[in-house]
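**Q** fold the stuff below for me.
(one chain, ligands or ions: 2)
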Amino acid sequence: MKNTSDVLAGFGTTIFEVMSKLAIEHKAINLGQGFPDEDGPADIRAVAARTVEDGPNQYPPMMGVPELRQAVADHDARFYGLSVDWQTDILVTSGATESLAASMLGLINPGDEVVLFEPLYDCYLPMIKLAGGIPKFVRLDPPYWEIDEDKLRAAFSDKTKLILMNSPMNPTGKVFSREELELIAELAIKHDTYAICDEVYEHIIFGDKKHLSLLTLPGMGERTARIASAGKTFSLTGWKVGYLTAPADLTARIAKAHQFLTFTTAPNLQKAVAYGLAKEDVFYDELKNSMQAKRDRFRDGLQRIGFTTADCDGTYFINADISSIGFDGTDEEFCRLITTEAGVAAVPFSAFYQSEGARDNFARFCFSKRDEVLDAAIEKLQDFFGKRG
Ligand code: PMP
Ligand code: GLN
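**A** Numbering: from 1, shown residues only. Ligands and ions are numbered 1, 2, ... in the order given. Prediction:
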């Protein structure tokens, strides 16, 4: 057999699939792959069901159904004060994942450099490489995961085509500060690059932290795309409805790739998401408050067992330091052990690194689960580590 894609030969099966499979095999509580265990609002699902019954069920427009594009424009005006034209500046895609893929394929030429923060979400690097891009990693380190200004400056060059960033950030739970975004903006403008911002956790953000989109910073409106997802905002991860906001010219370049990838996304789900985005503030407040309560509940449980936990200002992931309870193996060994022996699955943090020297002392737990599930997971971990002494 002839060789298949050399780029993909360098990547295994995603860690989310690997850990979910192991969790199923061992009947473990799955706090690995990030998904809520309760489906999002019943009224949103009812709109989808009705639209499946009544139609339309044929190909919607390539850019997305008008109702959803209008709803995204309204959402962006309401939460970020953005003034965008729904007809030219919004693109609906099959999940945020497709927006990311279309952005990489639509913008990168072979040899272009792409600045990325590490640790990073797993699909970024394969997409960049498939497009022929060359990654320039900027490492963020615990406990605060702050940008090292010199390192970021050094990562940019005249060959930089774009910076790809994620805030609130999976897997660290970091929310980029205004100062950090201003530094990114300064460098993007100086080197005349694009910025692709993965903002799927825009509404899962805690305490006094506020989501700030790079797109709103001076000089960034003409070069930035922000990407969000109904999967996270409405706890409907299986729907894979994503949306991208960018200036018309940039949206058109990204849509060129989208038209050859999926062309479109289920019209019924798009209509239901349009309905959902218009929900009152109380919905968004409740999402944030309930996730924050879950974070606190699970974090306190981990700490009672003896784990030190990293800060989590956004996303539904929290990282436990496995060395803090005296575990001296790798994060991978730890996650396999707790899945198979304690009955709780987590994701090894090192899976979010692609360059040398991954941090391997954290296990990432997803806390978007019912309280009783979180409590049961803590009990299982407590039993296991208690007995182990
Ligand atoms: N980006 C990040 C940071 C994520 O955690 C996820 C996870 N689901 C995605 C993108 C993908 O979103 P979607 O399911 O809408 O494709
Ligand atoms: N975003 C999810 C996570 O970080 C996983 C999505 C997927 O399985 N592809 O766990």
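**Q** what about stretch 112-128, start to end distance?
**A** End-to-end distance of stretch 112-128 (Cα to Cα, to the nearest Å): 10 Å.
**Q** wait, does it contact ligand 2?
**A** No: residues of stretch 112-128 are not located near ligand 2 by Cβ under 6 Å from any ligand atom, the shortest gap being 6.6 Å. Placement of C-beta: from N, CA and C, glycine included.
**Q** close to ligand 1, is that stretch?
**A** Yes: against ligand 1, stretch 112-128 shows contacts by Cβ under 6 Å from any ligand atom at residue 121.
**Q** for stretch 2-16, same thing?
**A** No: counting by Cβ under 6 Å from any ligand atom, no contacts exist between stretch 2-16 and ligand 1, the nearest distance being 8.4 Å.
**Q** contacting residues around the residue of the chain found nearest ligand 1?
**A** When scored by Cβ to the nearest ligand atom, the chain has residue 95 as its residue closest to ligand 1, at 2.6 Å. The neighbourhood of residue 95, defined by Cβ atoms under 8 Å, 6 or more residues apart in numbering, consists of 229, 231, 240-242.
**Q** turn the residues you listed into CSV, columns for pLDDT and secondary structure.
**A** Formatted as CSV, the contacts of residue 95 follow (pLDDT from 0 to 100; DSSP: H, G, I helix; E, B strand; the rest coil):
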residue, pLDDT, secondary structure
229, 98, strand
231, 98, helix
240, 98, coil
241, 98, coil
242, 98, strand
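**Q** count the neighbours of residue 144 for me.
**A** 12 (other Cβ atoms under 10 Å).
**Q** kindly check the end-to-end length of stretch 34-51 for me.
**A** Stretch 34-51 has an end-to-end distance of 28 Å (Cα to Cα).
**Q** let me know the distance separating the residue of the chain closest to ligand 1 from residue 14.
**A** For residue 95, the distance to residue 14 equals 14 Å [Cβ to Cβ, to the nearest Å].
**Q** repeat for residue 120
**A** For residue 120 relative to residue 14 (Cβ to Cβ), the value is 13 Å.
**Q** need the strands for the chain, in chain order.
**A** Assigned by DSSP state E, the chain shows strands spanning 29-30, 90-93, 113-118, 134-139, 160-166, 194-198, 224-229, 242-245, 308-309, 317-321, 344-345, 347-348, 362-366.
**Q** in TSV, list the ones you listed along with mean neighbour count and distance to residue 54.
**A** Putting the strands of the chain into TSV (neighbours: other Cβ atoms under 10 Å; distance: least, Cβ to Cβ, whole Å) gives the following:
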stretch	mean neighbour count	distance to residue 54
strand 29-30	22	35
strand 90-93	28	20
strand 113-118	24	44
strand 134-139	18	46
strand 160-166	24	37
strand 194-198	26	34
strand 224-229	26	26
strand 242-245	28	23
strand 308-309	18	48
strand 317-321	25	38
strand 344-345	26	40
strand 347-348	28	40
strand 362-366	27	35
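**Q** so which of the ones you listed gets nearest residue 18?
**A** Closest to residue 18 of the strands of the chain is strand 347-348 (Cβ to Cβ; 8.9 Å).
**Q** list the neighbouring strands of that closest one plus their orientation.
**A** Paired neighbours of strand 347-348 in the sheet (DSSP bridges): strand 362-366 (antiparallel).
**Q** quick one: is the strand it pairs with near ligand 1?
**A** No: if you take Cβ under 6 Å from any ligand atom as the test, strand 362-366 misses ligand 1, and the best it gets is 10.1 Å.
**Q** contacts for that strand next, please.
**A** 30-35, 142, 171, 298, 302, 310, 316-322, 331, 334-335, 338, 346-349, 352, 377.
**Q** what residues are up against the residue nearest to residue 232 when sequence neighbours are not counted?
**A** Nearest non-adjacent residue to residue 232, counting by Cβ to Cβ, 6 or more residues apart in numbering: residue 200, 4.8 Å away. Applying Cβ under 8 Å, 6+ apart, we find residue 200 in contact with 96, 166, 170, 227-229, 231-232, 242.
**Q** from the stretch 101-250 of the chain, which residue is nearest to ligand 2?
**A** For the stretch 101-250 of the chain, Cβ to the nearest ligand atom, closest residue to ligand 2: residue 170, 5.1 Å.
**Q** do the stretch 201-350 of the chain as well
**A** Taking Cβ to the nearest ligand atom, the stretch 201-350 of the chain has residue 347 as its residue nearest ligand 2, at 6.5 Å.
**Q** am I right that that residue is in contact with residue 19?
**A** Yes: assessed by Cβ atoms under 8 Å, residue 347 is found in contact with residue 19 at 5.4 Å.
**Q** what residues are shared contacts of those two?
**A** Common neighbours of residue 347 and residue 19 (Cβ under 8 Å, 6+ apart) are 32-33, 335.
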